[in-house]
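**Student:** got a sequence here, can you build the structure:
(4 chains)
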4 protein chains.
Amino acid sequence: MQELIAKLETFVAERDWERSHTPKNLAMALSVEVAEIVEIFQWMNADQSRETDAATRAHLRDEIGDVLIYLVMLARKLDIDPLAAAHAKLEKNRIKYPAGSRPEKDFHGQT
Amino acid sequence: MQELIAKLETFVAERDWERSHTPKNLAMALSVEVAEIVEIFQWMNADQSRETDAATRAHLRDEIGDVLIYLVMLARKLDIDPLAAAHAKLEKNRIKYPAGSRPEKDFHGQT
Amino acid sequence: MQELIAKLETFVAERDWERSHTPKNLAMALSVEVAEIVEIFQWMNADQSRETDAATRAHLRDEIGDVLIYLVMLARKLDIDPLAAAHAKLEKNRIKYPAGSRPEKDFHGQT
Amino acid sequence: MQELIAKLETFVAERDWERSHTPKNLAMALSVEVAEIVEIFQWMNADQSRETDAATRAHLRDEIGDVLIYLVMLARKLDIDPLAAAHAKLEKNRIKYPAGSRPEKDFHGQT
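**Tutor:** Next up, the predicted model:
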């Protein structure tokens, strides 16, 4: 992860993109990249989404790469370590959703 | 990253969430988490988004943690290594947008 | 639709929200509202999404209302008539996807 | 709006897309279309988003058309009238955010 952060800093500096890389803009770009993943799955059923072919998998690899790139660039602007943030959030989730609790769907808008 | 992946596998297994964690569903959950970041910035101008206070920063840390959690869970289902995917995509982006090229915005829907 | 537009103009003016209602910000708000719909469906399978109960339906009605509200506010800022835009786009889609053509999914990232 | 709904029903029936048009899938498609609007604005500042040129405006018109098309198709599946839903939600918002209240941004994740 540290190597990726360093490479991204060089990449952005070489292109003089710092000015447009506000946290607000990076949040938008992150959401656009995630939508490209959603687009791939939108008309698939559950099983099709589990059994994607090699071409789709290669496409997904590119899009997952882009999402992580924008997430890291956003986190850097906010002085947040994304891996530490994920570990900390996972601890919160452990308490919020105890093991053996009802299925996750019950916590998400279904009653 | 490897430690996060291992912890997430235990977390999901302890809660019996594997069944609902199809790639399709995880892509949706990822987009929902990203929208929580977008929500924080939606009414801020560029400068406000650069100068968030401690409470907002703590909120953003949680949401960035959630985005990385769902991204890692999705990538795992697809046998994709998110860090390797980001490095590979960055190489593609280097070629697509050469250093010293026109500003990024020119490549995104503005003519 | 005209009545909704007029009511929204009054609503925004009474609250002095015009300043923060840039097209950029309204696009973000629109995406946040749509994510609230996605959140409702994220852990459902296809059949569950077809057979939502009354409480979920009431929740969806609120969210669909919010999406249309932000879409109309965004379109107004851009001097775009959303209904005319939808009719025009439907004509384009008729040509792009001829009747009797292969299923829609073939056009969306699946090969 | 009624004319648009009728046209969309014919359009979908002629292409045999009903099967893949579950509420879940339509919610995903709606979010993908909204992301295409967000993409247009992602690197613009507030003023640039207010002063888009004719080509960008034409692009936005197409995307706003697509968003309304998917919103109407989703609402139809759920037996929800989107215009009535927007009017009802606006009444709720009137009560939630009284006229003369603090700016909207205070209600959205900023404290």
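
**Student:** gap between the residue of chain A found nearest chain D and residue B:35?
**Tutor:** Closest residue of chain A to chain D, Cβ to the nearest Cβ: residue A:35 (3.2 Å). The way it works is simple: take the backbone N, C-alpha and C, and place the C-beta from them, glycine included. Distance of residue A:35 to residue B:35, given as Cβ to Cβ, to the nearest Å: 10 Å.

**Student:** got it, and residue A:89?
**Tutor:** Per Cβ to Cβ, residue A:89 is found 16 Å from residue B:35.

**Student:** okay, those two: which has more neighbours?
**Tutor:** Between residue A:89 and residue B:35, residue B:35 has the larger neighbour count (other Cβ atoms under 10 Å in any protein chain shown), namely 24 against 21.

**Student:** I figured that one hits residue A:31, correct?
**Tutor:** Yes - the criterion here is Cβ atoms under 8 Å, and residue B:35 meets it with residue A:31 at 6.7 Å.

**Student:** give me the common contacts of these two.
**Tutor:** Shared contacts of residue B:35 and residue A:31 (Cβ atoms under 8 Å, 6 or more residues apart in numbering or on different chains): residue C:31.

**Student:** so for the helix or strand where residue A:63 lies, mean pLDDT?
**Tutor:** Using DSSP states H and E, residue A:63 maps to helix A:54-77. Across helix A:54-77, the average pLDDT comes to 98.

**Student:** pull out the buried residues from that helix.
**Tutor:** Across helix A:54-77, burial judged by 16 or more other Cβ atoms under 10 Å in any protein chain shown covers A:56, A:59-77.

**Student:** is chain D within reach of that helix?
**Tutor:** No - using Cβ under 8 Å from any Cβ of the partner chain, we find that helix A:54-77 stays clear of chain D, coming within 10.2 Å at best.

**Student:** now the angle from that helix to helix B:54-77?
**Tutor:** With axes from the mean of the first three to the mean of the last three Cα atoms, to 10 degrees applied, the angle from helix A:54-77 to helix B:54-77 works out at 160 degrees.

**Student:** could you say what helices and strands helix A:54-77 packs with?
**Tutor:** If you count contacts as 3 or more Cβ pairs under 8 Å, 6 or more residues apart in numbering or on different chains; DSSP states H and E, helix A:54-77 packs onto helix A:2-15, helix A:23-41, helix A:82-96, helix B:54-77, helix B:82-96.

**Student:** report the angle between the fourth one and helix B:2-15.
**Tutor:** In this structure, helix B:54-77 runs at an angle of 80 degrees to helix B:2-15, with the same axes, to 10 degrees as the basis.

**Student:** restricting to C-alpha, output helix B:54-77 in PDB.
**Tutor:** This file holds the C-alpha atoms of helix B:54-77, laid out as PDB (Å, rounded to 0.1, in the frame of the first residue of the first chain):
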ATOM      1  CA  ALA B  54     -12.000  16.900  13.300                       C
ATOM      2  CA  ALA B  55     -15.600  15.500  13.600                       C
ATOM      3  CA  THR B  56     -16.100  15.400   9.800                       C
ATOM      4  CA  ARG B  57     -12.600  13.800   9.500                       C
ATOM      5  CA  ALA B  58     -13.600  11.100  12.000                       C
ATOM      6  CA  HIS B  59     -16.800  10.500  10.000                       C
ATOM      7  CA  LEU B  60     -14.800  10.300   6.800                       C
ATOM      8  CA  ARG B  61     -12.300   7.900   8.300                       C
ATOM      9  CA  ASP B  62     -15.200   5.500   9.100                       C
ATOM     10  CA  GLU B  63     -16.600   5.800   5.600                       C
ATOM     11  CA  ILE B  64     -13.300   5.300   3.900                       C
ATOM     12  CA  GLY B  65     -12.800   2.200   6.100                       C
ATOM     13  CA  ASP B  66     -16.200   0.800   5.000                       C
ATOM     14  CA  VAL B  67     -15.400   1.400   1.300                       C
ATOM     15  CA  LEU B  68     -12.100  -0.400   1.600                       C
ATOM     16  CA  ILE B  69     -13.800  -3.300   3.500                       C
ATOM     17  CA  TYR B  70     -16.400  -3.800   0.800                       C
ATOM     18  CA  LEU B  71     -13.900  -3.400  -2.000                       C
ATOM     19  CA  VAL B  72     -11.700  -6.100  -0.400                       C
ATOM     20  CA  MET B  73     -14.700  -8.400   0.100                       C
ATOM     21  CA  LEU B  74     -15.800  -7.900  -3.600                       C
ATOM     22  CA  ALA B  75     -12.200  -8.500  -4.900                       C
ATOM     23  CA  ARG B  76     -11.900 -11.600  -2.900                       C
ATOM     24  CA  LYS B  77     -15.000 -13.100  -4.400                       C
END
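
**Student:** now the residue minimising distance to the centre of chain A: closest residue in space that isn't a chain neighbour?
**Tutor:** The residue lying closest to the centre of chain A (Cα atoms, centre = their mean) is residue A:67, at 4.8 Å. Once flanking residues are discounted, residue A:67 sits nearest to residue A:33: 4.8 Å by Cβ to Cβ, 6 or more residues apart in numbering or on different chains.

**Student:** next one, pLDDT for that neighbour please.
**Tutor:** For residue A:33, the model assigns a pLDDT of 98.

**Student:** list the residues that contact it.
**Tutor:** Counting by Cβ under 8 Å, 6+ apart, residue A:33 touches A:63, A:66-67, A:69-70.

**Student:** closest one of the residues you listed to chain C?
**Tutor:** Using Cβ to the nearest Cβ, the contacts of residue A:33 come closest to chain C at residue A:63, 9.5 Å.

**Student:** I'd like the distance between that closest one and residue B:90.
**Tutor:** On the measure of Cβ to Cβ, residue A:63 and residue B:90 end up 14 Å apart.

**Student:** next: residue A:30.
**Tutor:** Distance from residue A:30 to residue B:90, by Cβ to Cβ: 15 Å.

**Student:** over to residue A:45?
**Tutor:** Distance, residue A:45 to residue B:90, using Cβ to Cβ: 33 Å.

**Student:** what parts of chain A come near chain D?
**Tutor:** Counting by Cβ under 8 Å from any Cβ, chain A sits next to chain D at A:20, A:25, A:28-29, A:31-32, A:34-36, A:38-39, A:41-43.

**Student:** who wins on neighbours among those?
**Tutor:** In terms of neighbours by other Cβ under 10 Å, those top out with residue A:34 at 30 neighbours.

**Student:** residues contacting that residue?
**Tutor:** Contacts here follow Cβ under 8 Å, 6+ apart; on that basis residue A:34 touches A:67, B:27, B:30-31, B:34, D:35.

**Student:** what is the neighbour count of residue A:98?
**Tutor:** The tally of other residues near residue A:98 (other Cβ under 10 Å) stands at 10.

**Student:** do the same with residue A:87
**Tutor:** Neighbour tally, residue A:87, other Cβ under 10 Å: 16.
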